[in-house]
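Trainee: Next one to model:
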Amino acid sequence: MSSLRARSLLLASSVLLLPGCSRDAGPGARPAGPVQVGVVTITPRPVTLTTELPGRVSAYRVAEVRARVNGIVLKRFFREGSDVKQGQPLFQIDAAPYRAALDSAVAQLARAEAHRAAARVTEKRAAELLAGDAASRQAHDDAEAELQMAEADVAAGKAAVETARINLGYTTVTSPVSGRIGRSEVTEGAYVQAATATRLAVVQQLDPVYVDVTRSTAEMIALRRDLDSGRLQSAGAGGARVTLITEDGREYARPGTLQFADVTVDPGTGSVALRALFPNPGAELLPGMYVRARLAEGVNAQGLLVPQSGVTRDPRGQPVALVVKEGKVEQRTLAADRAIGDSWLVTDGLRAGDQVIVEGQQKVRPGAEVTAVPAGPAAAPLPAASGT
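Mentor: The predicted structure is shown next:
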């Protein structure tokens, strides 16, 4: 009987304990104490701001090789698509007519020089006779005029010889610059003309090359305003350096320099043209290639970088972050206008020393009590000092 009573009391105690255990371990139970979250302490650092602009590559020099005399093309001395040097022969135009013209001009010059020699003798004799009153003044004047005409004929003959020699030289067409030559516009046997300046080929100098980009005037005005107000500091000599991003997303190994910014705004696009110069020894950059140029704008001496993992968007699309202040969670609306690496550059909404939650945001809400611990290395912002 006593054994039966003991078993009944034990069963009753078990029934009374079960609801309490179920209440404590249920899925809806809240954990006791503050939730632990990973934070990053915001520290100001100098940040070089950059911008990427689309652009095109253009040759440093473009020389159209054109005919300067009439004639038949006899030979071509180059291979299409090869590199040529300045002064290197490219085409040979039939030189026979121009060689004959030079010989004729030389003969005419010799005749004029002989006539001048005879005129000098006549003028000298007339001067002697005039001095001895053996000849009239008129005879001496005529002899002197004849000598002057002879000297003019010699000068004209020398000019004719030089012109004929120049035309003969034009029959050998040479490259005006060093560079890479494209396809030949004419073949052997083609007739070329000086009057129409028949184009024979095009030579382009590819080392260095230009990169032409455009930038909106609104961005330039905003940049100048930030520099004038002191919000940004000038990038100094480094501001003239330009980095190039090729079509495949790779950074070009050799930096360039900004040459100039145009002073005229394109009324159709509201933009200004910029030109940068890049070394191109391996001809990796070709005219017409699409690239992106990264230009340094200025330095934000007190830049605040926040890891992107700590920034979300509210229903209105504005960037927000959760901050730990005095052990409680606050939500801040941010002004973050650009990304730098895996961080956002925040210009409003945070201050130096704020602790931004980057781990465990899904476990807390604004106003909740939390325990802040330093986040892991993967959540910390990159130490990079430049951005777009």
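
Trainee: buried ones in stretch 354-368?
Mentor: Along stretch 354-368, these residues count as buried under the neighbour rule (16 or more other CB atoms under 10 Å): Asp354, Gln355, Val356, Ile357, Val358, Glu359, Gly360, Gln361, Val364. C-beta here means a position set from N, CA and C on the backbone, and glycine is covered the same way.

Trainee: As CSV, could you dump the C-alpha coordinates of it?
Mentor: Listed next in CSV are the C-alpha coordinates belonging to stretch 354-368 (Å, rounded to 0.1, in the frame of the first residue of the first chain):
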residue,chain,number,x,y,z
ASP,A,354,30.8,55.1,-33.8
GLN,A,355,30.5,51.3,-33.5
VAL,A,356,28.7,49.9,-36.5
ILE,A,357,27.2,46.4,-36.3
VAL,A,358,28.6,44.2,-39.1
GLU,A,359,27.8,40.8,-37.6
GLY,A,360,24.5,39.7,-36.1
GLN,A,361,22.3,42.4,-37.4
GLN,A,362,19.5,39.9,-38.0
LYS,A,363,19.3,39.1,-34.3
VAL,A,364,18.7,42.6,-33.0
ARG,A,365,16.3,45.5,-33.5
PRO,A,366,16.7,49.3,-32.7
GLY,A,367,16.5,49.8,-29.0
ALA,A,368,17.7,46.2,-28.1
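
Trainee: roughly how far is that stretch from the heart of the chain?
Mentor: Stretch 354-368 sits 44 Å away from the centroid of its parent chain (CA atoms, centre = their mean, to the nearest Å).

Trainee: Residues touching it, excluding its own?
Mentor: Counting by CB atoms under 8 Å, 6 or more residues apart in numbering, stretch 354-368 makes contact with 34-42, 306-307, 309-310, 312, 321-325, 328-332, 350, 370, 372, 375-376, 379, all of which sit outside it.

Trainee: Drop anything exposed from these.
Mentor: Among the contacts of stretch 354-368, those classed as buried by 16+ other CB under 10 Å are 37-40, 42, 306-307, 309-310, 321-324, 329, 332, 350, 370, 372, 375, 379.

Trainee: So which of those residues are in strands?
Mentor: Using DSSP state E, the subset of these located in strands is 37-40, 306-307, 321-324, 329, 332, 370, 372.

Trainee: which residues does Thr333 contact?
Mentor: Asp314, Gln318, Pro319, Val320, Gly349.

Trainee: and the third one, what pLDDT?
Mentor: According to the model's per-residue confidence, Pro319 sits at a pLDDT of 91.

Trainee: Report the beta-bridge partners for it.
Mentor: Under DSSP bridges, the beta-bridge partners of Pro319 are Arg313.

Trainee: correct me, but it touches Thr312?
Mentor: Yes: if you go by CB atoms under 8 Å, Pro319 and Thr312 touch, sitting 7.4 Å apart.

Trainee: Which helix or strand contains the residue nearest to the spatial centre of the chain?
Mentor: In the chain, the residue lying closest to the centroid (CA atoms, centre = their mean) is Val211, at 3.3 Å. Assigned by DSSP states H and E, Val211 belongs to strand 199-216.

Trainee: So which bits of that strand are buried?
Mentor: For strand 199-216, by 16+ other CB under 10 Å, it's 200-215.

Trainee: Output the contacting helices and strands for that strand.
Mentor: When contacts are defined as 3 or more CB pairs under 8 Å, 6 or more residues apart in numbering; DSSP states H and E, strand 199-216 packs onto strand 45-66, strand 89-93, strand 179-181, strand 271-278, strand 290-307.

Trainee: List of residues touching the helix or strand following the shortest one?
Mentor: The first helix or strand that comes after strand 179-181 along the chain, using DSSP H and E, is strand 191-192. Defining contact as CB under 8 Å, 6+ apart, one finds that strand 191-192 is touched by Ala67, Asn70, Gly71, Ile72, Val73, Ile93, Val186, Thr198, Leu200.

Trainee: Those residues into TSV, with extra columns for pLDDT and distance to Ala59?
Mentor: Shown next, in TSV, are the contacts of strand 191-192 (pLDDT from 0 to 100; distance: CB to CB, whole Å):
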residue	pLDDT	distance to Ala59
Ala67	96	22
Asn70	96	30
Gly71	96	29
Ile72	97	31
Val73	97	25
Ile93	97	26
Val186	95	22
Thr198	95	22
Leu200	96	18
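
Trainee: Tell me the one of those nearest Ile245?
Mentor: Of all these, Ile245 sits closest to Leu200, with 36.7 Å by CB to CB.

Trainee: I am finished for the moment; much appreciated.
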